[in-house]
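Chemist: Sequence below, structure please.
(chains A, B, C and D)
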4 protein chains.
Amino acid sequence: MTKKQTLTVAMIGQGFMGRAHSNAFHQVGHFFDLPYEIGLKVICGRNPDKLAAMASQWQWEEVSTDWQKVVSRPDVDIVDVAVPNVLHAPIAIAAAQAGKIVLCEKPLATSLADAQRMAQAAHSVPNLVWFNYRRVPAIAFIKRLIAEGKLGQIFHYRANYMNQSGNSSGKSTAWRYQKDEAGSGALGDLLSHVIDLSIYLNGPISQLNAMTNTFVPGRDVDDAVSTLVRFSNGSVGTFEASRYGVGCRNRNTFEIQGSKGRLSFNLEDMNHIEFYDATLPGNLQGNSKILVTGPDHPYEENFWKPGHGIGYEHTFIATLGDFLTSLSRKEAFHPNFEDGLLVQKVLDAVEKSAQSRSWISLS
Amino acid sequence: MTKKQTLTVAMIGQGFMGRAHSNAFHQVGHFFDLPYEIGLKVICGRNPDKLAAMASQWQWEEVSTDWQKVVSRPDVDIVDVAVPNVLHAPIAIAAAQAGKIVLCEKPLATSLADAQRMAQAAHSVPNLVWFNYRRVPAIAFIKRLIAEGKLGQIFHYRANYMNQSGNSSGKSTAWRYQKDEAGSGALGDLLSHVIDLSIYLNGPISQLNAMTNTFVPGRDVDDAVSTLVRFSNGSVGTFEASRYGVGCRNRNTFEIQGSKGRLSFNLEDMNHIEFYDATLPGNLQGNSKILVTGPDHPYEENFWKPGHGIGYEHTFIATLGDFLTSLSRKEAFHPNFEDGLLVQKVLDAVEKSAQSRSWISLS
Amino acid sequence: MTKKQTLTVAMIGQGFMGRAHSNAFHQVGHFFDLPYEIGLKVICGRNPDKLAAMASQWQWEEVSTDWQKVVSRPDVDIVDVAVPNVLHAPIAIAAAQAGKIVLCEKPLATSLADAQRMAQAAHSVPNLVWFNYRRVPAIAFIKRLIAEGKLGQIFHYRANYMNQSGNSSGKSTAWRYQKDEAGSGALGDLLSHVIDLSIYLNGPISQLNAMTNTFVPGRDVDDAVSTLVRFSNGSVGTFEASRYGVGCRNRNTFEIQGSKGRLSFNLEDMNHIEFYDATLPGNLQGNSKILVTGPDHPYEENFWKPGHGIGYEHTFIATLGDFLTSLSRKEAFHPNFEDGLLVQKVLDAVEKSAQSRSWISLS
Amino acid sequence: MTKKQTLTVAMIGQGFMGRAHSNAFHQVGHFFDLPYEIGLKVICGRNPDKLAAMASQWQWEEVSTDWQKVVSRPDVDIVDVAVPNVLHAPIAIAAAQAGKIVLCEKPLATSLADAQRMAQAAHSVPNLVWFNYRRVPAIAFIKRLIAEGKLGQIFHYRANYMNQSGNSSGKSTAWRYQKDEAGSGALGDLLSHVIDLSIYLNGPISQLNAMTNTFVPGRDVDDAVSTLVRFSNGSVGTFEASRYGVGCRNRNTFEIQGSKGRLSFNLEDMNHIEFYDATLPGNLQGNSKILVTGPDHPYEENFWKPGHGIGYEHTFIATLGDFLTSLSRKEAFHPNFEDGLLVQKVLDAVEKSAQSRSWISLS
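Modeler: Alright, predicted model coming up:
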């Protein structure tokens, strides 16, 4: 066995996403056959006490509270940005300028201008934006089925991402509910995933018309957003995101209807898809619930075996696994900062449309 | 248009089943193209007040409290028996001996001996036993799929019929909970349907081993019954019926697994089936939920159009419609008293097995 | 028993709806305790051959091809309009002017002006518009739960009505696909139901923004329509209707999310609702699938007993039963022509919005 | 932070289970707060090439093909047995006699005599049997709900564990299909899980009656097994396991019905349970699908946050986490070898019953 190259990581962030990323750094080598070893070099955050505990639990070698220093350390190969949205731009740009491989949480930025600067800065380095749901095996399988023509001409794309986190007064002090830290509410937090998946699965958006709503007086971010969409392929869509989606814990769901069939997905049941094959004889057509854990499903060879489901964390592992594989092969990886920028353009259009109460075209 | 022959009906019974049958007599001509008109001649029961109300609501021409007289009236063509089980035998036999067409509720009898006498008596007249669930369009479609070989070699037949009616003290005075009126409990009331459907769909039973249980002290009928079954075709099965099936209102459910697929049904969702096609590529195999309301499904031409579900009552209408069609064509109809007798043999074996705690062979 | 008053019916129309209505006239007395007998006096249509067969099968006393004569016959009490949309106005207005009780299929009209004239004409007579889905027991139960405050403050109303009828070339000659007969496509046919239910369950709509789409070149009606909605109660909604909803046979579905819970319904599974009670302890909150066939559910006393589902046709029976009960009690009935007019105002706003690509306010 | 004690592991086995266990050893410290570090000292197997690859991928320090030497090494604290069933006894007994902590895959043994010797040998050391499904958070939550009395008096326990692995000729050479390696077929492989969960959730089994079936001529293990069961608490049950359960990939499912409600689970949808609360008003009773990922659900504090599902591997992590926590607190842990022995007694009774075609009592 040849000796593997070690890639060292500096992770900026110590919250929930930091945990999910830490796990991915540990696990990627167990499930993907890579020419790299990952070194968890340094974790960087604002709260020293929490940071020490986090470093201990996830075996980070060092801690730091100074991201500026960390991102340019010569013993760091990868900078992973998992902090409140408003900090994505300065950290990611600094890391890119220092020549680091840059991984960044979604949404890429809190403004279109920032996203553009980030995409430009990252041009010269390998980069990734953590739209992790593209690597849910079930969604990757849907991508494959569409590519194979299983849906024919697409008519409808209908998606919503709902949780009920807003429907309780206690949570409102978190950074995700503050405009100056998060940039937006359900829009950047939830709709960004909807947008990325829609582009991934159904191609570019040509026009949209949106409304946003805030149910709690005084809150400065949106609680909910709804959008009418026209895609370049002639299909029409509706998108919604809400933190007042009572009855939902993490319902990232979509359905796509085409001349040959229908496909749907719900993140709360992430190991399944529904597929309606409209090319079958009429009396056998039905919504088929397929367990996407093999055989012949994406990531089957990486995780367990047919019938043995995976969980939330595996979407990060698979994203990282594919990124590192691409890196070793010097191939392009998606979603990268350019993909994050495309999503940001749509987010920007949604905000503009809601404000101007009019249709916005995306060139 | 040629004038249609009128068939007059005497219905013995004024309870829930009487209502379901009355409806079928009214409706059959609306949904089936028949050479007969149905005349609702006389309804017969024990409670005169209820009888008058029932006759008025369902447009029966006359009422009577004397079934002996009624069954031999020359102006009656069909005698329909919808009374407590213990009365099936005397009434049906008298009607058959009077040369009437005889329709009888299930289970055919409260003993194997009675059932045998009934089947013999009915030999000379057209006859039907109301195992109405064979005519749920979804079940008739399952029958067709199996006949077409869609399941291949059958391995497993798993069925249970559950409600929670026993789990409340109030109901226990009804005749269905009295041995002298009902003959048995869940056995005759619920398991009889399971047995009839299993024979209809999977062929003869060769051996069985059963246990019964009564959860309420002092009750003289079974509350629940469970059975291991071997079928003549080499498949194995489990049957259950219970009035303590908490969480179920009317769950008559089965699943059948064969070398080429799986089919399942649940009466609480009676317009759907699930079909798993194991001949598809592995990555497309899934449980497909098919709405059995057309196109190309049984009874599609009789009821509404695709997507427009039917209800409980339609199983009686379809049973009657098929019976009258067979009558006009002088063709055999099933389920008839012989089929009811086959079920009674299995019910008898279940009781014997539970008592003797041993396997019973059915020749 | 006192003698019942007979109400005689003239039905204009001989298609699918005519069948559903005929059935309701026959069945209403079996399931509702009414002071009326219904006399099926005359059925009126354009095709004499089909008309005779229809009259025979459904026991209409007479046939006619001249609706003008029929609607003013002195021996007719009720005129029921079940013809292509464009004929609703002339027939219903003539019948109302002749002093008849008027029942009319939905959508009320093909233009706002017609609907206004109809509502005005019908002011002096008892009248009904066949938005039959209000009387699905499950939907009536949802109405009750909302009225009891089970959802708290409403945040989201999300509805779509989908079938796949457009996704096959053969159907396009039917009147429902012709602008001069139907007035619109999915809009009047499907979205009208969505709108009526939304007003029934969630109150007036204050603003909307819509897009329509026609997937088949040359077709002059909409195949699909999508709408952003603001309700007067502060909640936001999305509506969709499509004849290209592949995978759907008759999916009239909605979900409503409020501060205390979530309710949802799907017509393809019309005997169930889902209810999420957000006032339960967090670890017991879940989407509960409730079989709405009793106990203590709407129409339980009319149809069968708990666990015994009903079908499509029962929504017409229940609508008629409630209408006749209101009539006998001289009480107001809904939905009437005024309710139909409210829906028409929304349909009109949807068309205007789609054309002008702008938000429309409904005063 | 105090220095943690290191526990070193020798794992005997290099197959699918070895992978799942390796993962658990790596991950347990990330999700559980433990006073131990785990050292992956040595992995032992029969195939040197595969062993090297496995050791490399999962970071085992050493490899060995001689389990006898390994189990008594002084630098090993824990011996983990994940080999074909027939080898469980010699290895586990040797390890226990060497004073090691012993972890063993299920079923504990291939005979009751072996299981008894193993339980006896392990008496003096901490021990565990990998009935991992007890630690599915959803199942642990069901355990809690039952303990809280949410089901009242239990009437029915119905369980089956199905996959379709047998329904393809290719697999039959694997050790799981050989009597001399596996001891039995579906019985030890699948029904053992059913039995363990049933005892865990519903208490001791008092009597049973079973049948086994082999669908492939010449195979010397059972393909399917079905059992009637009486529990000591007065409830009745049916158990099934099959490798010919076509339509199932890994369906380990059960439902429990009691006087106050119903609970059910399906491993193919492992983050959900269904709960029917029969103490609610009748019109609100329904099967509630609860996503068991928090709040206030078992293992919520260990894994992610509400709405973020876990997968198959986490059941091993949670089992190990609880075991090590118990170890550090010197508390009893279950399931241990005694629990494995209880399951073996039932497996033995199942075999005896199937052979003798009679009821077997378990004292």
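Chemist: Next, the buried residues of the helix or strand hosting A:Ala121.
Modeler: For A:Ala121, the enclosing helix or strand under DSSP states H and E is helix A:112-121. For helix A:112-121, burial by neighbour count (16 or more other CB atoms under 10 Å in any protein chain shown) applies to A:Leu112, A:Asp114, A:Ala115, A:Gln116, A:Arg117, A:Met118, A:Ala119, A:Ala121. In short, each C-beta sits where N, CA and C put it, glycine included.
Chemist: Can you spell out which helices and strands pack onto it?
Modeler: Identification of packing neighbours for helix A:112-121 by 3 or more CB pairs under 8 Å, 6 or more residues apart in numbering or on different chains; DSSP states H and E yields helix A:88-97, helix A:337-356.
Chemist: what residues does the last one touch?
Modeler: To tie it back to what came earlier, the one meant is helix A:337-356. Taking contacts as CB atoms under 8 Å, 6 or more residues apart in numbering or on different chains, the residues outside helix A:337-356 that touch it are A:92, A:102, A:104, A:106-109, A:111-112, A:115-116, A:118-119, A:122, A:127, A:129, A:131, A:184, A:187-188, A:191-192, A:195-196, A:199, A:204-205, A:208-212, A:222, A:225, A:227, A:359-360, A:362.
Chemist: do that again at 6 Å, thanks
Modeler: Applying CB atoms under 6 Å, 6 or more residues apart in numbering or on different chains, the external contacts of helix A:337-356 come out as A:108-109, A:112, A:115, A:118-119, A:122, A:127, A:129, A:192, A:195-196, A:205, A:208-212, A:227, A:360, A:362.
Chemist: by how many degrees do that helix and helix A:112-121 diverge?
Modeler: Orientation check (axes from the mean of the first three to the mean of the last three CA atoms, to 10 degrees): helix A:337-356 against helix A:112-121 gives 170 degrees.
Chemist: Could you find the closest non-adjacent residue to the closest residue to chain C within the stretch 101-250 of chain A?
Modeler: With CB to the nearest CB, the shortest gap between the stretch 101-250 of chain A and chain C falls at A:Gly247, namely 3.1 Å. Using CB to CB, 6 or more residues apart in numbering or on different chains and skipping residues adjacent in sequence, the residue nearest A:Gly247 is C:Arg262, 3.1 Å away.
Chemist: three-state assignment of the one you found?
Modeler: Remark: C:Arg262 carries the secondary structure label strand [criterion: DSSP: H, G, I helix; E, B strand; the rest coil].
Chemist: Determine the number of other residues adjacent to it.
Modeler: The burial metric for C:Arg262, expressed as a neighbour count using other CB atoms under 10 Å in any protein chain shown, is 25.
Chemist: Please identify which helix or strand holds the residue in the stretch 1-150 of chain A positioned nearest to chain B.
Modeler: Among all residues of the stretch 1-150 of chain A, A:Phe141 sits closest to chain B, at 7.2 Å; criterion: CB to the nearest CB. Taking DSSP H and E as the criterion, A:Phe141 maps to helix A:137-147.
Chemist: Is that helix in proximity to chain D?
Modeler: No. With CB under 6 Å from any CB of the partner chain as the measure, helix A:137-147 is seen stopping short of chain D, the closest distance being 10.8 Å.
Chemist: what pLDDT, on average, does that helix get?
Modeler: The pLDDT scores in helix A:137-147 average 98.
Chemist: for that helix, which positions count as buried?
Modeler: A:Pro137, A:Ala138, A:Ile139, A:Ala140, A:Phe141, A:Ile142, A:Lys143, A:Leu145, A:Ile146.
Chemist: mind listing what the very next helix or strand once past the helix holding A:Ala121 pairs with, with the direction of each?
Modeler: Scanning the chain past helix A:112-121 towards its C-terminal end, the next helix or strand to appear is strand A:127-129 (assignment: DSSP H and E). Using DSSP bridges, the neighbouring strands of strand A:127-129 in the sheet come out as strand A:101-104 (parallel).
Chemist: List of residues touching the partner strand?
Modeler: In contact with strand A:101-104 (CB under 6 Å, 6+ apart) are residues A:77-81, A:88, A:92, A:95-96, A:122, A:125-129.
Chemist: got a winner among these for most neighbours?
Modeler: Neighbour tally across those (other CB under 10 Å): the maximum, 34 neighbours, falls on A:Ala92.
Chemist: Enumerate every residue touching it.
Modeler: By CB under 6 Å, 6+ apart, the contact list for A:Ala92 reads A:Val81, A:Val102, A:Cys104, A:Met118.
Chemist: Dump the helices and strands packed on helix A:112-121 to JSON lines, plus mean pLDDT.
Modeler: Below are the helices and strands packed on helix A:112-121 laid out as JSON lines (pLDDT from 0 to 100):
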{"stretch": "helix A:88-97", "mean pLDDT": "98"}
{"stretch": "helix A:337-356", "mean pLDDT": "98"}
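Chemist: most tightly surrounded among those helices?
Modeler: When the helices and strands packed on helix A:112-121 are scored by mean count of other CB atoms under 10 Å in any protein chain shown, the highest mean neighbour count falls to helix A:88-97 (a mean of 23).
Chemist: how far off helix A:112-121 does it point, in degrees?
Modeler: The directions of helix A:88-97 and helix A:112-121 differ by 10 degrees, with the same axes, to 10 degrees as the criterion.
Chemist: just to revisit the earlier point, is it true that the residue nearest to A:Gly247 touches C:Phe275?
Modeler: No. Contact criterion CB atoms under 6 Å: C:Arg262 and C:Phe275 do not qualify, at 7.3 Å.
Chemist: For A:Val86, grab the count of nearby residues.
Modeler: A count of nearby residues for A:Val86, using other CB under 10 Å, gives 18.
Chemist: Report pLDDT for it.
Modeler: The predicted local distance difference test score for A:Val86 is 95.
Chemist: do the same with A:Phe25
Modeler: At A:Phe25, the model reports a pLDDT of 98.
Chemist: Next up, the contacts around A:Gln14.
Modeler: With contacts defined as CB under 6 Å, 6+ apart, the neighbours of A:Gln14 are A:Gly45, A:Lys50, A:Leu51, A:Met54.
Chemist: can you pull out the helices in chain A?
Modeler: Ranges of helices within chain A are A:16-31, A:48-58, A:67-70, A:88-97, A:112-121, A:137-147, A:179-182, A:186, A:192-202, A:313-329, A:337-356, based on DSSP state H.
Chemist: quick one: the last one to helix A:192-202, angle?
Modeler: In this case it means helix A:337-356. Helix A:337-356 runs at 120 degrees relative to helix A:192-202, counting by the same axes, to 10 degrees.
Chemist: What count of nearby residues applies to A:Arg73?
Modeler: Using other CB under 10 Å, A:Arg73 has 17 neighbouring residues.
Chemist: Skip the chain neighbours and tell me the closest residue to it.
Modeler: Counting by CB to CB, 6+ apart, A:Ala10 is the residue found nearest to A:Arg73 once chain neighbours are left out, at 6.8 Å.
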